[in-house]
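Asks: This is the structure alone, sequence omitted:
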């Protein structure tokens, strides 16, 4: 069954190293199999069964397509995802362009402003938008009679939520620009427009496409925002929740999951396909671009970035104020009452649970990711098995959190499964979250490992040093910044994740982000916002610690990280 | 007695590309041997197979009477030096050199003594506490050399160790490598595409092409008696022309008749004849030499100590390359000058043409 069976016997000589390697690879294969493959297979199976577990073929799918409301949701999902993608790409491109390619003043400040919203969960942004534009909102009139509860709200919140990521991705693409190309274009007397069309755009073409796909998948598969601000406008993600939690119709939940999985999978495959065909755009000889001042352009971009920053700032501030106003909009005196969380099933324990949960996700996730990425990337033996494992590691990227979570639910509830005892425990939430974010962390670790000299392992083998010794003495110290990045990435995401864990939490393992959803459901928006701000502050503290520790590492290791001056 | 390292019928393919096409080779203990050839000739694959970094599809390798064909790299006995140095950047020079000794669980004092000895050997005394990034390329490669030989391996493998260095450092390190080899007498295999490097360093050179060994022998033999047109072209940049025998000691080459040394082995019918650029001599138009050839200077390269002429003749389509020592020239050649040159009969080599 497991992939380990396909491990080829390349080196007949067996020593401690090779047994350790085979053991670890097998364990890793088992981990991927249980945490990713099995849940997905269970979803597929369940979607072809009736309530008694009999095989009914595609009957559930027929039922799905004969239900107008369910089919509408599919259209809704694709509609809001597409609109958001277009808006975000346009906004992010201009912002990233301003940051990377103009001499606009205050660029570091605007970079910070672009990143600041990253620390705010999408849920809290949705709550803040309700305060601005909702039925009691101050700016309700701006919507000209339209309701914020619906596609407008979803698109607005999703835009705010994905914009920082998009700006980050596009900036990365634009940073990789070769000044020599621009100089060549100028020397050949190309007009600014022609330079833009022939040099600027092509160099960020792949960045634009992959950013677009990233935004599309994020919005398509998101659950929190449509849940909070979607009103009666159903999308696939909220449908799964309603089928499973509201109607206990697991079979239909599985069908909707598949309907959500398919477009996500297609988008993912397109992205991989394009990424595969991408050549090396930048070589070691490239000269970084130094933007030249141009008064008119710089001023225009300055105003644009100011507007975007004010917009996101207004949402951030409203998120905090929503938690402090005594009774919006009638009594605007400030209070901390909303932080008492006096509601059934919600307490400060949700927040402490979240901290513990995020700590375990980050720590275990980093350990598993880095060791497994090393196994896939570095040893010389078993190339076939390593390639298969790498391919499986890419799967979670395409699987929406809700779908994976539902698969886990089926898995632990399967009769006779000894792992059923995990249901409702923090452990299960940790495993689910680690595998949900697995692809990004795996790729981060792999990129860091790829920068290491490919010959380290060969040299170590010739010196008869065991693999683990080189791993601990050389690989880990060199990759320590990347390891830290992975830890922080997992911690921050674990603090805000909802979709992965909403089917799996128990009485003692409810999390802060889940509490936000539940309090919003109960109409207690202010308390929801209060819980949301706790997540924000925890994230800010972790982020600041990250900066501090990174500096410490760089300072302590700067002596050998500095490159020789040729 | 059997050779220290014996490779038999080694075959290795990558997809449809044949990297090693049935290679057999014996290397004696203490020998310095170079695998020389253009990129893609299989020289690096052969070295990596000896190291265990690639596994042969067919054939076997024995080192010190032990079959190592299927052993993992860590179970073999060798030290290796890469073009990229592959020094551990987070470890000091001392810790890099001591890396293999630590793995052997040697005592601290033994390690310190061995590292001190090696640091002196490669001329890096006083640099032990530095990190690789603080050293020059040449110094880094010396650390890598010290690290490779620290555990006293039976075999030293060098994978284009000098290619990443600039010309001056390269020449210097080349001499040092030779000195170290003379001093410790370690069996050494070096892969290189630089013929000068191979000629100066090696006791024997194996010239490789398309997964096969074209010729193996001492540098002198390889240079003066290349066994195949490929070796002649690669090692000596030899002038090669199609010819047919007209007698036991003469050939016709294009519109030119040339005398060669009387040779019973001179093949009948089509063959290739060749002579080295430095074996052609400028002669006067009234020369009585039987091999005087007239030509027009189509181009020339001034290489400082020598001047290389490209001369159009009636021998064939390709220009004849002629190397002249600048010091012997009374006047600098000009384009389109008509000149006469000759090649001594004993300097003309011939090769059969495989149909």
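Replies: Yep, it's here. Note that the structure is a prediction, hence the values are computed from the model and not measured.
Asks: what about the residue in chain B that chain A sits nearest to, neighbour count?
Replies: Using C-beta to the nearest C-beta, residue B:100 is the residue of chain B that sits closest to chain A, at 3.2 Å. For every residue, glycine as well, the C-beta is placed using N, CA and C. Burial of residue B:100 is recorded as 25 neighbouring residues (other C-beta atoms under 10 Å in any protein chain shown).
Asks: Enumerate every residue touching the residue nearest to it when sequence neighbours are not counted.
Replies: Distances taken as C-beta to C-beta, 6 or more residues apart in numbering or on different chains place residue A:463 nearest to residue B:100, at 3.2 Å, with adjacent residues excluded. Going by C-beta atoms under 8 Å, 6 or more residues apart in numbering or on different chains, residue A:463 touches B:79, B:99, B:100, B:103, B:147, B:148, B:150, B:151.
Asks: Low-confidence regions, the chain specifically.
Replies: Since you didn't name a chain, this refers to chain A. A:1-15, A:177, A:276-288, A:380, A:562-566 (pLDDT under 70).
Asks: meant chain B, my bad for not saying
Replies: B:1, B:264, B:354-355.
Asks: ok so, going back, so how far is the strand or helix carrying the residue of chain B closest to chain A from its chain's centroid?
Replies: If you go by DSSP states H and E, residue B:100 is part of helix B:93-103. Here helix B:93-103 is found 31 Å from its chain centre; the criterion is C-alpha atoms, centre = their mean, to the nearest Å.
Asks: Packing partners of that helix?
Replies: Contact partners of helix B:93-103 among helices and strands, from 3 or more C-beta pairs under 8 Å, 6 or more residues apart in numbering or on different chains; DSSP states H and E: helix B:108-121, helix B:137-149.
Asks: Include mean neighbour count and distance to chain A when you put those helices into a markdown table, please.
Replies: Conversion of the helices and strands packed on helix B:93-103 to a markdown table gives the following (neighbours: other C-beta atoms under 10 Å in any protein chain shown; distance: least, C-beta to the nearest C-beta, whole Å):
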| stretch | mean neighbour count | distance to chain A |
| --- | --- | --- |
| helix B:108-121 | 15 | 13 |
| helix B:137-149 | 24 | 7 |
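Asks: Among those, which comes closest to residue A:142?
Replies: Residue A:142 sits nearest to helix B:137-149 of all the helices and strands packed on helix B:93-103, at 64.0 Å, using C-beta to C-beta.
Asks: tell me the angle the closest one makes with helix B:108-121.
Replies: For helix B:137-149 against helix B:108-121, the angle by axes from the mean of the first three to the mean of the last three C-alpha atoms, to 10 degrees is 140 degrees.
Asks: Point out the other helices and strands that helix B:137-149 packs with.
Replies: Helix B:137-149 packs on helix A:456-462, strand B:79-81, helix B:93-103, helix B:108-121, helix B:167-184, going by 3+ C-beta pairs under 8 Å, 6+ apart.
Asks: Going by neighbour count, which residues in the longest one are buried?
Replies: Under the neighbour-count criterion of 16 or more other C-beta atoms under 10 Å in any protein chain shown, helix B:167-184 has B:169, B:170, B:173, B:174, B:176, B:177, B:180, B:181 buried.
Asks: For chain B, what's its nearest residue on the stretch 351-500 of chain A.
Replies: Residue nearest to chain B within the stretch 351-500 of chain A: residue A:463 (3.2 Å; C-beta to the nearest C-beta).
Asks: circling back to that earlier point, ok, and for the helix holding residue B:100, which residues are buried?
Replies: In helix B:93-103, counting by 16+ other C-beta under 10 Å, buried: B:93, B:94, B:95, B:96, B:97, B:98, B:99, B:100, B:101, B:103.
Asks: what does stretch A:56-74 give?
Replies: A:56, A:60, A:61, A:64, A:70, A:73, A:74.
Asks: Go ahead and list the helix or strand containing the fifth one.
Replies: Pointing back at residue A:70 there. Applying DSSP H and E, one finds residue A:70 within helix A:68-101.
Asks: same question, the second one
Replies: Secondary structure assignment for residue A:60, by DSSP H and E: helix A:59-66.
Asks: what's the spacing between residue B:75 and residue A:127?
Replies: Separation of residue B:75 from residue A:127 (C-beta to C-beta, to the nearest Å) stands at 62 Å.
Asks: Next: residue B:263.
Replies: Taken as C-beta to C-beta, the span from residue B:263 to residue A:127 is 98 Å.
Asks: Tell me which of these two has more neighbours.
Replies: Higher neighbour count among residue B:263 and residue A:127: residue A:127, with 30 against 13, using other C-beta under 10 Å.
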